[in-house]
Every structure is written in structure tokens, then in C-alpha cells.
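Undergrad: Got a predicted structure plus its sequence, pasted below:
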Amino acid sequence: MSIIEMTNVHFVRNQQVILKNINWTVEKNEHWVILGLNGSGKSSLLKLIMAENWKTNGELTVLGTRFGVDRIPELRAKIGIVGSFIAERFRPDIVAENLVLTGRYNASMLYRAFSDTDLDEARGLMRQIGADQLIGRIYGTLSQGEKQLLLIARSLMINPEILILDEATSGLDLFAKERLLEKLHNITQLENGPTLLYITHHPDEITSDFKKVLLLRDGQVFNHGTPPEILTEEILSDFYQMPVSVNIINDAYFVLPKKS
Ligand SMILES: Nc1ncnc2c1ncn2[C@@H]1O[C@H](COP(=O)(O)OP(=O)(O)OP(=O)(O)O)[C@@H](O)[C@H]1O
């Protein structure tokens, strides 16, 4: 069974059509990258999947949950999210491991009682992803890259079946970005690990872990396929409506506007 099935999905807000006629199927462990210019609807699309947005029309099934028919809270507990819109929800004075633990309850604060064992589990996850130096630190004092690492640990607290990363490398330096991609690689190697949905503006982040690319333009699917099928000068120049060159260096795709 596919883990995501969208059929003719539309999403309208404040009389603005944000997503139009989306047909998209994601299979388990078929890690996808979503590319699109600012405002093309990438975040809106992923917010539909995580039930932060509600589709206006069409059919949407995520992990067997049919929107408009089945209960949504159980679904939310199976999706991990890393992105700036989540990062903004935490109080600046929350301690790092407490923030990681909030992932278990899909909340931005710890409303329930928790034990040292719970916090130890959160610390264990931080160590696993190389964020041990952040244990005990106060969230508001962390750099952007350090905050991203915490959010990744938080998203893994629930053993998600889908892991959504919305511009997860934004603000990371060159080396922190490489480390993050390595961590994602490790996540893709986990038995029963999550399927990744990865939004980025940087095609060089499309590692061999990603099997499919979705191009989104003006709220519509422009094209999709494997990275070698999609990341060509012809398709991308047409997609961006500007001539671009595609250079492959060390198996990474670098896309640059062509100078006239
Ligand atoms: N709740 C809303 N009400 C009105 N307009 C919205 C709402 N949410 C998103 N939009 C609009 O929908 C369009 C798509 O936004 P979205 O955030 O999905 O784009 P994006 O592709 O993720 O962009 P970016 O790369 O800049 O993050 C934008 O024009 C945005 O202003």
C-alpha cells in the first residue's frame, strides 16, 4: 500500500488557490525531494499531509488514514517534522532535552509529568545524532544549526513513519550541512525507518538516498521522476522559466542560472 495518495487535491485559502489538482503517490522508503521556487506551494503541500492544512477538494490518504473519514490525531503521531515553522513554537527558555522529549507528545511544551528515564531517552537520541554537546543547553541561546539538530532529534522521538524536512539545512554551515545529510543517510538505513519528504532550494543536497524528485510550480505538479530523469538542463530551464546549467560534481547536482 502506498503511504501517501493524493488524487485531484486542491487547497484554497483566503480566495487564493494555493494547490491545484495535485496527483501524487509516495511508496514506503521512496524518499522524495520537493523542489520549487518561493511561494510555489511546497510547505502548503506538506502541511496537508501532516494535517496542519485541510484540503479543499480531492482525496488524500496518508498511512492508511483517509482525510475526512478517519481520525487524524493518530496520524499526527506517526509524522516527524523538522522546519522553521516548528522551530518558532518553542519557548526560548526550554532546556534542549526537554524540547526533544516534546516530540513524543507532538506538543511544543511538556504538559505531562515526565521522568528521568524519559529525559535519558531524549539525551540518548541527541547522542545518536551527534548533538550530545547540546545536552543541558537553553534553546534560546542555540545557533540556528544547533536548533535544527535538536529538531531532528525531536522528530525521531516517535519513530516516525514519515519524516518531513522543510528547508532543514537553512542556516547550516558547509560542514554542518554535510553532517545533516549523513545523519539522514543513517536514518534511511534503519530497518523500519521513516520515509523522507525533503524540501530544499539546493539540488546539491539530493543525495543518492533520494529516489524521486517532485517539481512544484504555481501550486501544480510540473513534473516528477528519478533525479537523473528530472535534473536535466532542459527540464529545469523549462521549470524555472530561466536557462540553467546542471553540473554534476562528486555525484551532487549543482544548478546555476546561465549567464547571457
Ligand atoms: N494560510 C494562508 N493564507 C493565505 N495564503 C497562504 C496561506 N498559506 C500559504 N499561502 C500562500 O500560498 C503560497 C504558497 O506558500 P508556501 O509557503 O506553500 O510556499 P513555499 O513553496 O513553501 O515557499 P518558500 O520556498 O518561500 O518557503 C504563497 O503565495 C503563500 O503566500
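TA: The structure has been received and is ready for your questions. Note that this is a predicted model, so its numbers are computed, not measured. Numbers count the residues shown, from 1 in each chain.
Undergrad: which residues of the stretch 51-200 of the chain fall in strands?
TA: 57-62, 65-66, 79-83, 162-166, 195-199 (DSSP state E, counting those that start in this stretch).
Undergrad: In a markdown table: these, plus distance to N29.
TA: To be clear about C-beta, it is placed using only N, CA and C from the backbone, and glycine gets the same treatment. Shown next, in a markdown table, are the strands of the stretch 51-200 of the chain (distance: least, Cβ to Cβ, whole Å):
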| stretch | distance to N29 |
| --- | --- |
| strand 57-62 | 15 |
| strand 65-66 | 19 |
| strand 79-83 | 15 |
| strand 162-166 | 11 |
| strand 195-199 | 6 |
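Undergrad: In a markdown table, list these along with mean pLDDT.
TA: Listed next are those as a markdown table, based on pLDDT from 0 to 100:
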| stretch | mean pLDDT |
| --- | --- |
| strand 57-62 | 93 |
| strand 65-66 | 92 |
| strand 79-83 | 89 |
| strand 162-166 | 93 |
| strand 195-199 | 96 |
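Undergrad: Among the ones you listed, which comes closest to M126?
TA: Proximity to M126 (Cβ to Cβ) singles out strand 79-83 among the strands of the stretch 51-200 of the chain, at 14.2 Å.
Undergrad: can you pull the buried residues of the closest one?
TA: 79-83 (16 or more other Cβ atoms under 10 Å).
Undergrad: again, but for stretch 209-218
TA: Neighbour-count burial for stretch 209-218 flags 209-217 (criterion: 16+ other Cβ under 10 Å).
Undergrad: In strands, which of the residues you listed appear?
TA: Among those, DSSP state E puts 212-217 in strands.
Undergrad: biggest helix in the chain by residues?
TA: helix 174-189 (DSSP state H).
Undergrad: where along the chain do the helices fall?
TA: In the chain, the helices defined using DSSP H lie at 42-49, 73-76, 84-87, 96-105, 116-128, 144-156, 174-189, 227-230, 233-240.
Undergrad: Distance of M50 relative to Q189?
TA: For M50, the distance to Q189 equals 24 Å [Cβ to Cβ, to the nearest Å].
Undergrad: So these two - more neighbours on which side?
TA: M50 (21 against 9; other Cβ atoms under 10 Å).
Undergrad: who does the nearest residue to that one once chain neighbours are set aside bridge with?
TA: With sequence-adjacent residues excluded and distances taken as Cβ to Cβ, 6 or more residues apart in numbering, M50 is closest to I79, at 5.0 Å. Judged by DSSP bridges, the bridge partners of I79 are I162.
Undergrad: which one among the ones in strands among the buried residues of stretch 209-218 gets closest to D166?
TA: Using Cβ to Cβ, L216 is the member of those that lies nearest D166, at 12.9 Å.
Undergrad: For the closest one, list each beta-bridge partner.
TA: Using DSSP bridges, the bridge partners assigned to L216 are V221.
Undergrad: Next one: the helix or strand bottoming out on mean pLDDT in the chain, is it in contact with the ligand?
TA: Using mean pLDDT, DSSP states H and E, the weakest-scoring helix or strand in the chain turns out to be helix 84-87, at a mean of 81. No: Helix 84-87 stays clear of the ligand (Cβ under 6 Å from any ligand atom), getting no nearer than 8.6 Å.
Undergrad: Check the protein and tell me which residue is nearest its centre.
TA: The residue lying closest to the centre of the chain (Cα atoms, centre = their mean) is L165, at 1.8 Å.
Undergrad: I'd like to check which residues are in contact with that one.
TA: 82-83, 184, 196-199 (Cβ atoms under 8 Å, 6 or more residues apart in numbering).
Undergrad: any idea how far it lies from H10?
TA: Here the criterion is Cβ to Cβ. By it, L165 lies 25 Å from H10.
Undergrad: repeat for T232
TA: The value you get for T232 to H10, if Cβ to Cβ is used, is 29 Å.
Undergrad: Likewise for V33?
TA: 23 Å.
Undergrad: who has more neighbours, those two?
TA: More neighbours surround V33 than the other of V33 and H10, with 25 against 15 (other Cβ under 10 Å).
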